[in-house]
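Student: Turn this into a structure:
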Amino acid sequence: MKPLRVVFLIASFALWIPVWAQPSQAPISVRISPQAPTSKSASDIWITVHITNTSDQPVDLSGSINEMTGQDSILSCEVHDLNGKSSVKRKYKHPELAGHHPVMDRILRPGQSLTEEQNLSRLYDMSAPGTYVVQVSLRPAQGSKKPLRSDPLHISVEP
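Tutor: Residues are numbered from 1 along each chain as shown. From the prediction side, this is the model:
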């Protein structure tokens, strides 16, 4: 009788593994789109960031906007070439003196979206002609350890 119970327990446990193995849906989706698919060298390159609350709970997206770069503190942008080489980040004199404009009580209710524009040229040197790959990460949601990332976006810079 005992071996039968063990087999039953193992079979019962095996039925639950696919449920545990399924990834849970992220509470927020992050999408980016170019304001223009191609840009001229030495011109500003803008993207639009779309953040949507896909959960059934409100999500707090409070933070601040860096007055020097215009970057939202909840976002992190990465730019590299097609070979994966990172683009050069812009350096500013005394970035520690940059002011920050607080954005408080920015709560997204279930199904709500937030749209922002980001000038990548203020963060990275994208003046050389070529194709750049851009990806945006949103800081980790409460209870999560990993930031949420957008799909990669290709932007062409022409001479």
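Student: Who is the residue nearest to Q35 when sequence neighbours are not counted paired with across the strands?
Tutor: Nearest in space to Q35, with sequence neighbours left out and distances taken as Cβ to Cβ, 6 or more residues apart in numbering, is W46 at 4.2 Å. C-betas here are computed from N, CA, C, even on glycine. Counting by DSSP bridges, W46 is bridged to N119.
Student: and W46, what does it touch?
Tutor: With Cβ atoms under 8 Å, 6 or more residues apart in numbering as the criterion, the residues that contact W46 are P34, Q35, A36, E117, Q118, N119, L120.
Student: these two touch, right, T48 and S113?
Tutor: No: the criterion here is Cβ atoms under 8 Å, and T48 misses it with S113 at 11.4 Å.
Student: Just want to check the distance between S55 and S29.
Tutor: When distances are taken as Cβ to Cβ, to the nearest Å, S55 and S29 turn out to be 10 Å apart.
Student: Correction: the previous question concerned N66.
Tutor: Here the criterion is Cβ to Cβ. By it, N66 lies 24 Å from S29.
Student: neighbour-wise, which of those two wins?
Tutor: Of the pair N66 and S29, N66 is the one with more neighbours under other Cβ atoms under 10 Å, namely 18 against 15.
Student: which residue is nearest the middle of the chain?
Tutor: Among the residues of the chain, S137 comes closest to the average C-alpha position under Cα atoms, centre = their mean, at 2.2 Å.
Student: wait, it sits on D151?
Tutor: No: proximity of S137 to D151 does not meet the contact threshold set by Cβ under 8 Å, at 11.7 Å.
Student: related to what we said a few turns ago, check contacts around the residue nearest to the centre of the chain.
Tutor: Shown in contact with S137 (Cβ under 8 Å, 6+ apart): V30, L75, S76, C77, E78, P147, L148, R149, S150.
Student: In CSV, list those residues along with secondary structure.
Tutor: Supplementary listing: these in CSV, determined by DSSP: H, G, I helix; E, B strand; the rest coil:
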residue, secondary structure
V30, strand
L75, strand
S76, strand
C77, strand
E78, strand
P147, coil
L148, strand
R149, strand
S150, coil
